[in-house]
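1. show me how the following folds:
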Amino acid sequence: MTMTEDTDSPLALDSQLCFALYSTQLAMNKLYRHLLQELGLTYPQYLTMLVLWQQEKQTVSAIGEQLHLDSATLTPLLKRLEKAGLIIRKRARHDERQVEVTLTDQGRHLRSQAESIPHSARCASHLTMEEARELKQALHHLRRGLDMG
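-> Got it, this is the predicted structure:
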């Protein structure tokens with residue numbers, strides 16, 4: 001059996017939206033791995049820090065909602081950030097079932113070091129500001145559609 005270049009086929013790799021997203025995600029992760037190396041953060045840790053830099057005291061569940069992560073995925077990530085001295089986790093006084101996360105001074109200081117990362121990532125993408133905005137809107141629209149099931 002020979003393989004043909006039939007990009008009109010619904011099963012052609014280049015026809016797959018999922019593969020376009022997947023391969024782009026791989027490239028984006030590679031870029032961010034390089035950009036975040038100096039900060040000592042992984043990409044998921046960086047996203048978590050972005051959430052905390054916006055509002056530095058949040059519950060684990062609130063962080064998880066924003067990042068679309070469950071607590072089983074988020075908890076080990078938070079433990080590593082705590083071990084690195086960037087955050088503090090403790091039970092909420094008003095509800096001991098809730099764990100609150102706050103930044104340490106070191107975590108706050110890291111923000112200034114991270115400020116150039118979004119610009120560097122956009123430059124590496126070779127997208128204009130308008131193209132980046134439109135792509136982001138399209139991806140949010142796609143995610144909302146997928147979330148609806």
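
2. report the secondary structure state of L11.
-> Taken by DSSP: H, G, I helix; E, B strand; the rest coil, the conformation at L11 corresponds to coil.

3. kindly report the same for I88.
-> From three-state DSSP, the assignment for I88 is strand.

4. for it, which residues make a bridge with it?
-> Counting by DSSP bridges, I88 forms beta bridges with T102.

5. local confidence estimate at it?
-> Per-residue confidence (pLDDT) for I88: 97.

6. who does the host helix or strand of T75 touch, helix- and strand-wise?
-> Using DSSP states H and E, T75 sits within helix 71-83. The contact analysis (3 or more C-beta pairs under 8 Å, 6 or more residues apart in numbering; DSSP states H and E) places helix 71-83 against helix 43-54, helix 60-67, strand 87-91. Quick note: C-beta positions are derived from backbone N, CA and C, even for glycine.

7. what residues of the last one count as buried?
-> Going by neighbour count (16 or more other C-beta atoms under 10 Å), the buried part of strand 87-91 is I87.

8. cool, stretch 44-54 as well?
-> Neighbour counts over stretch 44-54 (16+ other C-beta under 10 Å) mark 44-49, 51-52 as buried.

9. quick one: average pLDDT of stretch 17-25?
-> Taken as a whole, stretch 17-25 carries a mean pLDDT of 96.
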